[in-house]
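> predicted structure and sequence below. I'll ask about it afterward.
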Amino acid sequence: MRVTGVISRRAFLGVAAASGAVVVAGASVDPVTKALAAGSTTTTRYPLYVPPTIDLAGITGAFALAEKPGTIDLGGGHLSKAWIYNGLMPGPTLRADRGDTARITLSNQLSEPTITHWHGMVVTHENDGHPISAISPGSTYSYDFPVIQRAALNWYHPHPHMFTGEQVALGLAGAFVVNDTEEATLGLPTGSYEVPLVVRDAKLNTAGNLVYKPRTGGFVGDIVLVNGTRDPHLNVDTALYRFRILGGANARIFRLALSNGAPITLIGNDGGLLASAVRVAQIDLAPGERVDVLVDFRGLAVGTKIMLRDLRAGWDLLEFRVAHQVSVPATIPTTLSSITNLSGPVRTRTFSFDGMSKINGLEYDMNRIDFRVPFGDVERWRFVTNGNAPHPVHVHGASFQVQSRTGGRGRLFPWESGWKDTVLLEDRETVEVLIRFASYKGEYLIHCHKLEHEDMGMMSNFEVV
Ligand code: C2O
Ligand code: CU
Ligand code: CU
């Protein structure tokens, strides 16, 4: 199964012109393209930053991870002040195989409490970065956990109560990739053909520093950063690429699509590989959600430019520039994974996301346990809202399977199949999922991943017993 085939020049130019995509002057730009671009503003584009990968199994002792103010180059050489992990934005990409042990020591070099949560990782309460574990400035926190779950793109970010929105907006986030043998047998693109993309919006002040302006409806930035790069481009080979995309915004939802109208092959999401690959024209990506996609640049002429766009804001996210002709064999597997469906829920719980700060009428209290879930039971969790959506609903401690959406958009989308840990709840929607906590007992969280709602209290503790 091939993804793109050859894109007709006309279709490509048509989309580029209609979308206002900017063509940067260069040797490979033909006269027609130049004419179409004439009069449009020229955007200077910067090479996409890709953080270094840290293989956690290869570390002796614990990996030292620091949250600290620093400066970063968003592109173009100007240094912007930010709060970042180990001086990088995004932080280093952590990688582990299923079965490895992760040992990480977090040091808080900020001026306020923090703790780091491994979003999507199934770990004990003590390793989960629960807000009750927050540490004061100058302190450290040691994590030590086995990686027990299937291959997936997870991520890490701060999770102290009431400071999460600020700390993430100012730059603290990174990818955490888990690999396993099932994934390895598929022969998916790897090395420089596998690229993590942390997509988020941001706000800069006049000095060019990252700033946080919380709004109850959710922080919205006016520029987009992909891997901490503004107006990024990526030189690609004529090859098949795997992009591991993370919705890293505080509140903004992206609708991803390619400017040439080519389909994107979706192979995975929050909890890892889907059962089978599916071609989609666009993907909605809410805060906390991940998608694993293949994009095929084979058969494209060197010099071709394709934009990854956000159709919601009408933003250009990342320009792919076909730069090198290569011939690398790659196939897109149709069958990816076997997913065991949860079934036969023994009880149903309803969670009403109320206003901007409550679940079932209650604001978060770090010291209150709101409900208890028996270990190993399959439960149906029903998410409803009485307004102020979107609420990206996120659960710690287990992945879930989305069963239905009624009201609102009234359907499920391909990126909501398989295993998820975050699902988007829009106004008037009821979303039902099946969930089973079968790894650890202990205290976990359910919350809205619009970080301003989370910080205001749209979060609840529960205990797996
Ligand atoms: Cu990504 Cu509880 O968070
Ligand atoms: Cu999480
Ligand atoms: Cu919310």
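Cool, the structure landed. Ligands and ions are numbered 1, 2, ... in the order given.

> neighbours around the residue of the stretch 151-300 of the chain found nearest ligand 2, how many?
Ligand 2 sits closest to Gly288 of the stretch 151-300 of the chain, with a gap of 7.1 Å, by CB to the ion. Quick note: C-beta positions are derived from backbone N, CA and C, even for glycine. Using other CB atoms under 10 Å, Gly288 has 28 other residues around it.

> same question for Tyr156.
Residue neighbour count, defined by other CB under 10 Å, stands at 25 for Tyr156.

> ditto for Ile369
When counting by other CB under 10 Å, one arrives at 12 neighbours for Ile369.

> how about the residues of this protein by ligand 3?
Within the chain, the positions adjacent to ligand 3 are His391, Cys448, Lys450, His453 by CB under 5 Å from the ion.

> the last one and Arg215 touch, don't they?
Going back to what we said before, that points to His453. No - with contact defined as CB atoms under 8 Å, His453 does not count as touching Arg215 (10.8 Å).

> enumerate the residues of the stretch 151-300 of the chain near ligand 1.
By the rule CB under 6 Å from any ligand atom, the part of the stretch 151-300 of the chain lying against ligand 1 is His157, His159, Gly288.

> 8 Å instead, please
Residues of the stretch 151-300 of the chain found near ligand 1 (CB under 8 Å from any ligand atom) are Trp155, His157, His159, Thr164, Pro287, Gly288.

> for the last one, what are its contacts?
For Gly288, the residues meeting the contact criterion (CB atoms under 8 Å, 6 or more residues apart in numbering) are His119, Gly247, Asp270, Pro392, His394, Asp421, Thr422, His449.

> pretty sure the second one sits against Asp201.
Spelled out, that is Gly247. No - contact between Gly247 and Asp201 fails when scored by CB under 8 Å: they sit 10.6 Å apart.

> if you count what's nearby, which of the two comes out ahead?
Counted by other CB under 10 Å, Gly247 and Asp201 do not tie: Gly247 has more neighbours, with 26 against 21.

> what sits against Leu258?
Leu258 neighbours (CB under 8 Å, 6+ apart): Ile264, Val295, Ile306, Met307, Leu308, Arg309.

> how about it: which residues does it bridge to?
Note on Leu258: beta-bridge partners Leu308, judged by DSSP bridges.

> so His453 and Arg215 - more neighbours on which side?
His453 (29 against 12).

> chain neighbours aside, what residue packs nearest to that one?
Met356 (5.2 Å; CB to CB, 6 or more residues apart in numbering).

> and that neighbour, which of the three is it?
coil (DSSP: H, G, I helix; E, B strand; the rest coil).

> just to revisit the earlier point, of the residues of the chain next to ligand 3, buried ones?
His391, Cys448, Lys450, His453 (16 or more other CB atoms under 10 Å).

> report the beta-bridge partners for the first one.
It stands for His391. Going by DSSP bridges, His391 forms beta bridges with Leu425.

> what pLDDT is listed against it?
You'll see His391 listed with a pLDDT of 98.

> now do the contacts for it.
Counted by CB under 8 Å, 6+ apart, His391 has contacts Phe353, Phe383, Thr385, Leu424, Leu425, Cys448, Lys450, His453, Met458.

> thanks a lot, catch you later.
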